[in-house]
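Visitor: Structure for the following, please:
(5 chains)
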Amino acid sequence: MTKVNVGVTDTTFARYDMAKIAIKEMEDNTSKVNIVRYTVPGVKDLPVASKKLIEEHGCEIVLALGMPGPEPIDKQCAHQASLGIIGTQILTNKHIIECFVYEDEAETTEELIAMCEDRARKHARNVLRLLFDREWLTRHAGQGLRQGHPDAGPLKP
Amino acid sequence: MTKVNVGVTDTTFARYDMAKIAIKEMEDNTSKVNIVRYTVPGVKDLPVASKKLIEEHGCEIVLALGMPGPEPIDKQCAHQASLGIIGTQILTNKHIIECFVYEDEAETTEELIAMCEDRARKHARNVLRLLFDREWLTRHAGQGLRQGHPDAGPLKP
Amino acid sequence: MTKVNVGVTDTTFARYDMAKIAIKEMEDNTSKVNIVRYTVPGVKDLPVASKKLIEEHGCEIVLALGMPGPEPIDKQCAHQASLGIIGTQILTNKHIIECFVYEDEAETTEELIAMCEDRARKHARNVLRLLFDREWLTRHAGQGLRQGHPDAGPLKP
Amino acid sequence: MTKVNVGVTDTTFARYDMAKIAIKEMEDNTSKVNIVRYTVPGVKDLPVASKKLIEEHGCEIVLALGMPGPEPIDKQCAHQASLGIIGTQILTNKHIIECFVYEDEAETTEELIAMCEDRARKHARNVLRLLFDREWLTRHAGQGLRQGHPDAGPLKP
Amino acid sequence: MTKVNVGVTDTTFARYDMAKIAIKEMEDNTSKVNIVRYTVPGVKDLPVASKKLIEEHGCEIVLALGMPGPEPIDKQCAHQASLGIIGTQILTNKHIIECFVYEDEAETTEELIAMCEDRARKHARNVLRLLFDREWLTRHAGQGLRQGHPDAGPLKP
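Guide: As a prediction, this is how the structure comes out:
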């Protein structure tokens, strides 16, 4: 069976190895994907790494993992990276699922690690759904799903 | 009769199923469209989903629905998504009508739901007008039309 | 005589019909242009409408009219629209003269209407100059010309 | 001898004729360039004017001069213009040297005029260096050169 | 042996010659690269200079060095430059490693110089790793590596 190439880009700047979690989650859930990993220094290097995975390594979809620092300049870098990730998707017609955890998003290290793991796992599953089960996503449209936090759930009147 | 393909993109992040409202509004008003729906995790995934609907699913126009959260980072995500939606339109020469409702735009859940329904319905009608009745829009140019709120109306000296 | 196609894009969101003023101004000043009007819901729809006017309707130049609302989100929408308008110009090598009036730019409704009319008229003339009399613009370079306000005039040492 | 076409774009919005200063500076320093000037209403029209100079008028490089006003909206316009100027360079592989003076950058009119003249002159020389003497720039790398202000100079430990 | 062309872009605006440090670091570590240097006036000129190095000088990768000033406008310029650098990477499928040091990032001149040297050296090594040893980067994924500062290290639960 021909497998689908799935790209995973991540950084040496991040302080937690989310790629490992995400790759395990995908491999535990399917044998239909072949993971291609590409690690870069920081989040601003993710757009071109993702584009190379798509155009030079034949990936159908990419999961881009990053952990921006707590300073304003770090958030600006993340903003630039996000714009580049969206631009790359538009130019390639392929999804790049962005999974960023901000270093100041949690109050304790334990919480931050739990958030990294939850977000990486759930976005890994989103990657598989976009590839193999888009119907699942439509069934959950408007349901307030969250990654890194408990689901917010749908609005109740 | 050949129908026109109309794309509808929405998210699992949103807390209300605006697509259902919008699709019903379009189908109640015309039998000339064929709806193609594409649900993604969050608003930043809408630009490429819209582009795929246009280029891979033959859609003439897309309605992109999202409900950004209340945090500053959520607003930044929505800003990035909007820029991507505009970029996609420029590259494809097709309209993508953005219908976003911010989770903190209303004071109560009831109001927020009413706003979602009104905005989705009115933008669904805008999609049909761009396809079949551009003259209607020109007749209402400068009239202060609103979606999700009552019309502001034209300036009165 | 073959006329030059001039596009005019405007919105139903705006609360004043600036296109009417601008079109009259152009038609009063020349018989060499053929106006093609395209009305869309809001300012974020102007970039693609302008691009369609250029590429599908053969317009040599476009005047894009909009009236963003007073809220921060409205200003962000206008910012996105402006970026899209600049992007469209770069991709097409055609001018799109942006004529936006912010709803909170004047203190009274009368002032706001006067500002709309002045800006629309002056930018309509700028469109004609870019088409037929670029020399006029160079003669007025650095002269502090304004639209919607009295001219600031050149700096005097 | 074939001359190199050098574009100069400027605006009627500006309150000082920086193009005149810059053109004189270039013509005083070399007989190898042929200036092509293109005046537009405001800074947001500079990107496409620069692109037209490059692609339709055969310019090898462009100097883009502007004087944004003192209001927040003026700064946002300048930001959009700058992004468009960078985008144009990337699409054409030609330099566009941006020379903007903010109307509130100096405290008196005399200072503002002096700043305009200094910045226009120095960037005019930068244009010539990029064309004919890139070695000069590398010799001055990291030297804290400024335009419109005295040079900051290199850091001294 | 054919060497790989590595581009280095830097500015006359910067107050420290980081390119010299970076080039020495690369040449001390490998004989497989051929450095091509391109100095421009300021950070906003880096995107097109990098693109020219890639497309006209055959560079496989570029290191872009800059030192934005301490004012808000300087930070906005850096933001624009960063977006242009990301855009250039996406269009060329080549990495451009951005190495910016903000003039107000350190408290003393000594610290600022040390930061420049550390960041330039470490990013020079990142360039070599992206070219010749991507495996190294993956081994250090999520390890909290920093340039210009001591490494933050991985999160410890």
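Visitor: Now the phi/psi pair for the residue most central in space within chain A, please.
Guide: Centrality entry for chain A: nearest residue to the mean C-alpha point is A:Cys99, 3.3 Å, by CA atoms, centre = their mean. The phi/psi pair for A:Cys99 (degrees, to the nearest 10) reads phi -130, psi 90.
Visitor: Give me the distance between it and A:Met26.
Guide: 12 Å (CB to CB, to the nearest Å). C-betas here are computed from N, CA, C, even on glycine.
Visitor: swap in A:Ala120?
Guide: 10 Å.
Visitor: These two - which one has more neighbours?
Guide: Under the neighbour definition other CB atoms under 10 Å in any protein chain shown, A:Ala120 and A:Met26 were set side by side, and A:Ala120 has more, 28 against 21.
Visitor: who touches that one in this structure?
Guide: A:18-19, A:21-22, A:25, A:65, A:99 (CB atoms under 8 Å, 6 or more residues apart in numbering or on different chains).
Visitor: Could you say which helix or strand holds it?
Guide: helix A:109-132 (DSSP states H and E).
Visitor: For whichever residue of chain A sits closest to chain C, which non-adjacent residue is closest in space?
Guide: With CB to the nearest CB, the shortest gap between chain A and chain C falls at A:Leu83, namely 10.7 Å. Spatial nearest neighbour of A:Leu83, excluding adjacent residues (CB to CB, 6 or more residues apart in numbering or on different chains): B:Gln80 at 5.7 Å.
Visitor: The one you found is in contact with A:Ala81, isn't it?
Guide: No: judged on CB atoms under 8 Å, B:Gln80 makes no contact with A:Ala81 at a distance of 10.0 Å.
Visitor: picking that back up, who's in contact with the helix or strand containing the residue nearest to A:Leu83?
Guide: Here B:Gln80, judged by DSSP H and E, is contained in helix B:72-92. Residues outside helix B:72-92 that contact it (CB under 8 Å, 6+ apart): A:79, A:82-83, A:86-87, A:89-90, A:102, B:42-44, B:46-48, B:50-51, B:54-55, B:64, B:66, B:68, B:95-96, B:98, B:100, B:102-103, C:44, C:47-48, C:51, C:76-77, C:80-81, C:83-84, C:87-88, C:91.
Visitor: returning to that earlier point: list the contacts for the residue nearest to the centre of chain A?
Guide: A:18, A:22, A:63-66, A:119-120, A:123, A:147.
Visitor: got the contact list for the closest residue in space to it that isn't next to it in sequence?
Guide: Nearest non-adjacent residue to A:Cys99, counting by CB to CB, 6+ apart: A:His123, 4.3 Å away. Neighbour list for A:His123: A:22, A:63, A:97, A:99, A:147, B:41 [criterion: CB under 8 Å, 6+ apart].
Visitor: what bits of chain A have low per-residue confidence?
Guide: A:157 (pLDDT under 70).
Visitor: Find the closest residue to chain D in it.
Guide: A:Leu83 (10.7 Å).
Visitor: Could you say which helix or strand holds the closest residue in space to A:Arg121 that isn't next to it in sequence?
Guide: Spatial nearest neighbour of A:Arg121, chain neighbours left out: A:Glu25 (4.6 Å); criterion: CB to CB, 6+ apart. Using DSSP H and E, A:Glu25 sits in helix A:18-29.
Visitor: neighbouring contacts of that helix?
Guide: A:6, A:8, A:10, A:33, A:35, A:37, A:39, A:63, A:65, A:67, A:99, A:101, A:116-117, A:119-121, A:123-125, A:127-128, E:141-142.
Visitor: Buried ones among the residues you listed?
Guide: A:6, A:8, A:10, A:33, A:35, A:37, A:39, A:63, A:65, A:67, A:99, A:101, A:116-117, A:119-121, A:123-125, A:127-128, E:141-142 (16 or more other CB atoms under 10 Å in any protein chain shown).
Visitor: hang on, the earlier thing: buried sites along the helix holding A:Glu25?
Guide: A:18-23, A:25-26.
Visitor: which one of the residues you listed is nearest chain B?
Guide: A:Ala22 (14.0 Å).
Visitor: Quick check: phi and psi at A:Asn5.
Guide: According to degrees, to the nearest 10, A:Asn5 has phi -80, psi 130.
Visitor: Let me fix that, I meant to ask about A:Met67.
Guide: When quoted as degrees, to the nearest 10, the phi and psi of A:Met67 stand at phi -130, psi 90.
Visitor: what's the nearest residue to it if we skip its chain neighbours?
Guide: According to CB to CB, 6+ apart, the nearest residue to A:Met67 is A:Ala14 (3.7 Å).
Visitor: Tell me the strands beside the helix or strand harbouring A:Asp10, with direction?
Guide: Applying DSSP H and E as the criterion places A:Asp10 in strand A:4-11. As defined by DSSP bridges, the strand partners of strand A:4-11 come to strand A:33-40 (parallel), strand A:61-66 (parallel).
Visitor: would you list those in CSV and tack on distance to B:Glu135?
Guide: As requested, the strands paired with strand A:4-11 are arranged in CSV below (distance: least, CB to CB, whole Å):
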stretch, distance to B:Glu135
strand A:33-40, 50
strand A:61-66, 42
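Visitor: Would you mind listing the buried residues in the next helix or strand after the helix holding A:Ala120?
Guide: Next helix or strand after helix A:109-132 toward the C-terminus (DSSP H and E): helix A:134-139. By 16+ other CB under 10 Å, the buried positions in helix A:134-139 come out as A:137-138.
Visitor: got the contact list for helix A:134-139?
Guide: By CB under 8 Å, 6+ apart, the list of residues contacting helix A:134-139 reads A:126, A:129-130, B:12, B:37-41.
Visitor: Go again with 7 Å.
Guide: Here helix A:134-139 makes contact (CB atoms under 7 Å, 6 or more residues apart in numbering or on different chains) with A:129, B:12, B:37, B:39-40.
Visitor: and if you look at stretch A:149-157?
Guide: By CB under 7 Å, 6+ apart, stretch A:149-157 touches A:142-146, B:15-16, B:109-110, B:112-113.
Visitor: Can you select the buried ones from those residues in ChimeraX?
Guide: With 16+ other CB under 10 Å as the criterion, this ChimeraX line picks the buried residues out of the contacts of stretch A:149-157:
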select /A:142,143,144,145,146 /B:15,16,112,113
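Visitor: Identify, from the contacts of stretch A:149-157, the entry nearest to A:Met1.
Guide: A:Leu145 (30.0 Å; CB to CB).
Visitor: ok, that closest one to chain E distance?
Guide: 25 Å (CB to the nearest CB, to the nearest Å).
Visitor: and if you look at A:Glu135?
Guide: Counting by CB to the nearest CB, the gap from A:Glu135 to chain E is 31 Å.
Visitor: measure that residue to D:Leu83 for me?
Guide: 39 Å.
Visitor: ok, A:Lys52 - how many residues close by?
Guide: When neighbours are counted by other CB under 10 Å, A:Lys52 comes out with 22.
Visitor: Equivalent analysis for A:Ile73, please.
Guide: That count, for A:Ile73 with other CB under 10 Å as the rule, works out to 15.
Visitor: coming back round to it: give the bridge partners for the residue nearest to the centre of chain A, please.
Guide: Per DSSP bridges, the residues bridged to A:Cys99 are A:Leu65.
Visitor: Nothing else from me, thank you.
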